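Pasting the sequence and the predicted model now:
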Amino acid sequence: MDVEVFRSKRYPLLRKLYVIVKEEHPARQAGEAYANLLLTAEGQKLLENSGYASLYDSITK
């Protein structure tokens, strides 16, 4: 798999991952913490281990 092809959005089976947090939901803090975790190096590694490509080039190397 060529990760650069994914990042350039030229790959035909590209799927973005969205995390939606409702403002008035009782578990809002947990949702925000989860979303923030996914943006960290640790979160990107977890996503890579699940078959997703990292957002950041420096994490994949």
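Cool, got the structure.

quick one: contacts for the residue nearest the centre of the chain?
Residue closest to the average C-alpha location in the chain (CA atoms, centre = their mean): residue 38, at 5.5 Å. Neighbouring residues of residue 38 by CB atoms under 8 Å, 6 or more residues apart in numbering: 17, 19, 44, 46, 47. Glycine gets a C-beta too; all of them are placed from N, C-alpha and C.

The last one and residue 2, how far apart?
Look at residue 47 and residue 2: by CB to CB, to the nearest Å, they are 17 Å apart.

Run a quick neighbour tally on residue 9.
Taking other CB atoms under 10 Å as the criterion, the count of residues near residue 9 is 8.

Helix or strand: which one has residue 9?
When elements are assigned from DSSP states H and E, residue 9 belongs to no helix and no strand.

For the helix or strand containing residue 44, buried residues please.
Take DSSP H and E as the rule and residue 44 turns out to sit in helix 41-49. Within helix 41-49, the residues that count as buried by 16 or more other CB atoms under 10 Å are 43, 44, 47.

In CSV, could you pull the C-alpha coordinates for that helix?
Only the C-alpha atoms of helix 41-49 are listed here, as CSV (Å, rounded to 0.1, in the frame of the first residue of the first chain):
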residue,chain,number,x,y,z
ALA,A,41,1.2,9.9,17.9
GLU,A,42,-0.2,7.1,20.1
GLY,A,43,-3.6,7.4,18.5
GLN,A,44,-2.2,7.5,15.0
LYS,A,45,-0.3,4.3,15.8
LEU,A,46,-3.6,2.7,17.0
LEU,A,47,-5.3,3.7,13.8
GLU,A,48,-2.4,2.3,11.7
ASN,A,49,-2.6,-1.0,13.6
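
Since that was my last question, I'll sign off now.
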